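Colleague: Pasting the sequence and the predicted coordinates here, then a few questions.
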Amino acid sequence: MTQLGQLYEKEKIEYGNQIARETSIKERKEMAKYMLDEGIEFIKVMKITGFTEDELLHLRD
């Protein structure tokens, strides 16, 4: 494979990883909002989702 081909392949992989991360974040946000709406303790939601307190406060608003 040429260097250009290798670079293109690397960019495709990085793009796929970025999409996966964004999807994961979106799903975690939806899950966190649902848990907060259901009254699950704030600290538990932080531990489960990995979001910070500020991030959860922003979601709750």
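Modeller: Happy to help now that I have it.
Colleague: going forward, measure contacts and count neighbours with C-alpha atoms only.
Modeller: Fine.
Colleague: any idea how far residue 44 lies from residue 25?
Modeller: Distance, residue 44 to residue 25, by C-alpha to C-alpha, to the nearest Å: 18 Å.
Colleague: before we move on, what about residue 11?
Modeller: 21 Å.
Colleague: just residue 5 next, same as before
Modeller: Residue 5 is 30 Å from residue 25, by C-alpha to C-alpha.
Colleague: lowest-pLDDT helix or strand in the protein?
Modeller: helix 3-37 (a mean of 86; mean pLDDT, DSSP states H and E).
Colleague: for that one, packing partners?
Modeller: helix 42-49, helix 53-60 (3 or more C-alpha pairs under 8 Å, 6 or more residues apart in numbering; DSSP states H and E).
Colleague: Recalculate using a threshold of 7 Å.
Modeller: If contacts are counted by 3 or more C-alpha pairs under 7 Å, 6 or more residues apart in numbering; DSSP states H and E, helix 3-37 sits against helix 42-49.
Colleague: List of residues touching the helix it packs on?
Modeller: Outside helix 42-49, the residues within contact range by C-alpha atoms under 7 Å, 6 or more residues apart in numbering are 28, 32, 35, 52-53.
Colleague: what do you get for stretch 50-61?
Modeller: For stretch 50-61, using C-alpha under 7 Å, 6+ apart, the contacting residues are 33, 46.
Colleague: Let me know the average pLDDT across that stretch.
Modeller: Taken as a whole, stretch 50-61 carries a mean pLDDT of 90.
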